[in-house]
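> Output the structure for:
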Amino acid sequence: MTTTITRPPMTASDRCDRCGAQAHVRIFLEGGSALQFCGHHFREHEVRLRSVAVDVQDELNKLEQR
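Numbering: from 1, shown residues only. Model prediction:
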């Protein structure tokens with residue numbers, strides 16, 4: 001049996017853990033915790049974040065749709 005994890009979409013109330021701007025990326029860490037980042041801070045730290053992430057919910061494409 002294969003289990004698929006569905007993540008709720010990010011909303012305007014999701015805020016960046018670095019600066020408080022609207023978050024568009026959620027980084028899931030081992031142990032179940034998560035961090036949220038705006039596009040700027042995610043891009044700045046992307047290599048390191050992806051190296052420690054169990055999963056990445058990347059909704060940066062929403063910025064292009066505006």
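> low pLDDT regions in this structure?
Residues of the chain meeting the criterion pLDDT under 70: 1-5, 65-66.
> Which residue ranges of it form strands?
Per DSSP state E, the chain carries strands over the ranges 25-29, 34-37, 53-58.
> Save the ones you listed as TSV, and put in mean neighbour count too.
(C-beta placed from N, C-alpha, C; glycine too.) Listed next are the strands of the chain as TSV, based on neighbours: other Cβ atoms under 10 Å:
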stretch	mean neighbour count
strand 25-29	19
strand 34-37	20
strand 53-58	15
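> Using CSV, lay out those together with distance to R7.
Compiled in CSV, these are given as follows (distance: least, Cβ to Cβ, whole Å):
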stretch, distance to R7
strand 25-29, 7
strand 34-37, 10
strand 53-58, 5
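> Can you check which of these gets nearest to E44?
strand 34-37 (8.7 Å; Cβ to Cβ).
> Starting from that closest one, tell me which strands it pairs with and how they run.
strand 25-29 (antiparallel) (DSSP bridges).
> Dump the partner strand to CSV, keeping only the CA atoms.
Taking Å, rounded to 0.1, in the frame of the first residue of the first chain, the C-alpha atoms of strand 25-29 are listed here in CSV:
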residue,chain,number,x,y,z
VAL,A,25,7.7,27.6,0.9
ARG,A,26,7.3,25.2,3.8
ILE,A,27,10.3,23.0,4.8
PHE,A,28,9.4,19.8,6.7
LEU,A,29,12.1,18.6,9.0
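> now the angle between strand 53-58 and it, please.
Counting by axes from the mean of the first three to the mean of the last three Cα atoms, to 10 degrees, strand 25-29 lies at 170 degrees to strand 53-58.
> Could I get the full set of helices for the chain?
For the chain, the helices defined by DSSP state H occupy 39-52, 61-64.
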